[in-house]
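J.: please find the sequence and the predicted model below.
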Amino acid sequence: MYKILDTEDEVSRYAAQRLLATIAARPEAVLGLATGGTMEPVYARLVGRLQGGAVDASRLTTFNLDEYIGLAPTHPQSYRHYMERHLFARLGLPRENVHLPDGLAEDSEAACRAYSEAIRALGGLDLQLLGIGSNGHIGFNEPHTRFSCRTHVTPLSAQTRRDNGRFFSDPGEVPTHAITLGIRDILEAREIVLVATGPSKARIMAELYHSPVDEALPASALKQHPNVTILLDREAAALIPLRGQTLQPA
Ligand SMILES: N[C@@H]1[C@@H](O)[C@H](O)[C@@H](COP(=O)(O)O)O[C@@H]1O
């Protein structure tokens, strides 16, 4: 289902509400979390509601989608650092309950296998939150990644490294590789919420809307899932026909 709201603020509030509803329904929920600029206002909303006592988050478990290879957890652009800053430290979540792929693992293939198995051992993800790259990537599953892949090491495309260079003081510092949950792991989540806001996402959201399920556009894998919400603001939905309402995908 597509849900199109007016502003980024409304989208963030709605996404935070989905997360809260999942936690309220099952306080020991397992959440799949994402990073990126899109998620910052979502986490700000979520933190506000949780600090206000909306629901008890102390029994949550979280697994992040991805992490750069070669960045220490203390590196300001590591996803571990992002999550500490925007969510974990602010909520005081027990650190044994929060998980990110280990970008410094000596045996990264073994670390990938263990990460994916740990999610399944806990019964799978109740809700997976996703952003989208301008080339259609979800997590760091770049175009032409096989949809059958589980958590794996991936090279980053030139486009992705350019897009994410804006967060680094020297864009040449963007790592060349990352670990990402695979599409297969993502599709096993019971519910998926993909969030896209702002004009820079309009082109890829229109492509996604019209695309068949195709490994050239990783986010199109979501069309195979029975419980997905694609949550957009007006700007990200600008090139999709029939905006301003809830739509079924083409
Ligand atoms: N690996 C992350 C993705 O998970 C995220 O969806 C994407 C979009 O980020 P932004 O929200 O900053 O546009 O960026 C990164 O590449």
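T.: Now that the structure is in, tell me what you want to look at.

J.: what segments of the chain are helices?
T.: Assigned helices in the chain, in chain order: 8-25, 39-51, 79-83, 89-91, 108-121, 158-164, 183-187, 202-210 (criterion: DSSP state H).

J.: give the buried residues for the longest one.
T.: Using 16 or more other CB atoms under 10 Å as the test for burial, helix 8-25 gives Glu8, Val11, Ser12, Arg13, Tyr14, Ala15, Ala16, Arg18, Leu19, Leu20, Thr22, Ile23. For every residue, glycine as well, the C-beta is placed using N, CA and C.

J.: turn those residues into JSON lines, including pLDDT and distance to the ligand.
T.: Output for those, formatted as JSON lines (pLDDT from 0 to 100; distance: CB to the nearest ligand atom, whole Å):
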{"residue": "Glu8", "pLDDT": "98", "distance to the ligand": "11"}
{"residue": "Val11", "pLDDT": "98", "distance to the ligand": "12"}
{"residue": "Ser12", "pLDDT": "98", "distance to the ligand": "12"}
{"residue": "Arg13", "pLDDT": "98", "distance to the ligand": "17"}
{"residue": "Tyr14", "pLDDT": "98", "distance to the ligand": "16"}
{"residue": "Ala15", "pLDDT": "98", "distance to the ligand": "12"}
{"residue": "Ala16", "pLDDT": "98", "distance to the ligand": "15"}
{"residue": "Arg18", "pLDDT": "97", "distance to the ligand": "16"}
{"residue": "Leu19", "pLDDT": "97", "distance to the ligand": "16"}
{"residue": "Leu20", "pLDDT": "97", "distance to the ligand": "21"}
{"residue": "Thr22", "pLDDT": "97", "distance to the ligand": "19"}
{"residue": "Ile23", "pLDDT": "96", "distance to the ligand": "21"}
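
J.: what's the closest of the residues you listed to Gly165?
T.: Of all the buried residues of helix 8-25, Glu8 has the smallest distance to Gly165: 22.2 Å, by CB to CB.
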